[in-house]
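[1] quick one, structure for this:
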Amino acid sequence: MQEFAGKRAVVTGGTRGIGAAVVRALVAGGAEVLATARSAEGVVPEGVGLVAADVRGRAGAEVVAAAVGERFGGVDLVVHNVGGARPFEDSAAIPDEEWQDALDLNYLASVRLDSLLVPGMRVRRSGAIVHVSSAAVLTPVGPFLHYVAAKAALETYSRGLALEVAADGVRVNVVTPGRVATPGGEATRELWAGLESAAGHDVSALPPLGRDGQPDDIANAVLFLLSERAGWLTGSNLVVDGGEYPRR
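    I've put the predicted structure just below:
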């Protein structure tokens, strides 16, 4: 079913893993899609636009917003998927620059791009935004504290933005993935397994449903929240983790 026919969508980090799965699903649903990546060498499906931009800074956000204006004129759907950080031995070992980078990539990238795209949505009185968080926020550990703190800030910001723009017909929700089989996720788990602080943590343990999540599992949740089927959902946080993490 072409439930996104006529919709214009932006997906950050749209050439790998979860982002690539979201792009494919949106295209299958009939949307026009613009994906972002740090490099123009990324691969996207035929007909999908690709803009090379480092969204960790304001300049990168402005590049994306300009590409949206040139390609679409405006945007209906926004998925902030870009994120990540490398683990350290403990929180005290995380350098200042890594804290700042984690905030820029996992939190402020969404804030900056939203500040450029949401005003147009409010004028048109429609739109849906999904921010991708991490279930690691539910059980924060020292080696990833810079990452989970940034994602926790993203969740709080998302709730506040949802309340701010609801009267203008714009919805903002969060998808919180658990353990997902992506190249980036696997590389991060391997790095953590090599640290002394990983002792006592079985980084290879599968979630209760017996398998790692796949990018399409997360993409399905994202598309639900973007769709009219979720038309009365805003400020929500959908955890998709195979039952792995404790619920709040």
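[2] pretty sure R171 sits in a helix.
    No. Looking at R171 with DSSP: H, G, I helix; E, B strand; the rest coil, it is strand, so not inside a helix.
[3] pretty sure it contacts V130?
    No. Using Cβ atoms under 8 Å, R171 is not in contact with V130; the gap is 9.0 Å. Where C-beta positions appear, they are placed from N, C-alpha and C, glycine not excepted.
[4] of these two, who's got more company?
    Ranked by neighbour count (other Cβ atoms under 10 Å), R171 and V130 place V130 first, with 26 against 22.
[5] for the helix or strand in which the more buried one is found, packing partners?
    For V130, the element it lies in under DSSP states H and E is strand 127-132. Where contact means 3 or more Cβ pairs under 8 Å, 6 or more residues apart in numbering; DSSP states H and E, strand 127-132 is packed against strand 77-80, helix 109-124, helix 145-165, strand 170-177, helix 215-226.
[6] direction included, what does that strand pair up with?
    Partner strands for strand 127-132, per DSSP bridges, with pairing direction: strand 77-80 (parallel), strand 170-177 (parallel).
[7] what angle do helix 145-165 and that strand make with each other?
    In terms of direction (axes from the mean of the first three to the mean of the last three Cα atoms, to 10 degrees), strand 127-132 departs from helix 145-165 by 160 degrees.
[8] where's the residue most central in space within the chain relative to V222, distance?
    In the chain, the residue lying closest to the centroid (Cα atoms, centre = their mean) is N81, at 2.3 Å. Distance of N81 to V222, given as Cβ to Cβ, to the nearest Å: 8 Å.
[9] give me the common contacts of the two.
    18, 22, 132 (Cβ atoms under 8 Å, 6 or more residues apart in numbering).
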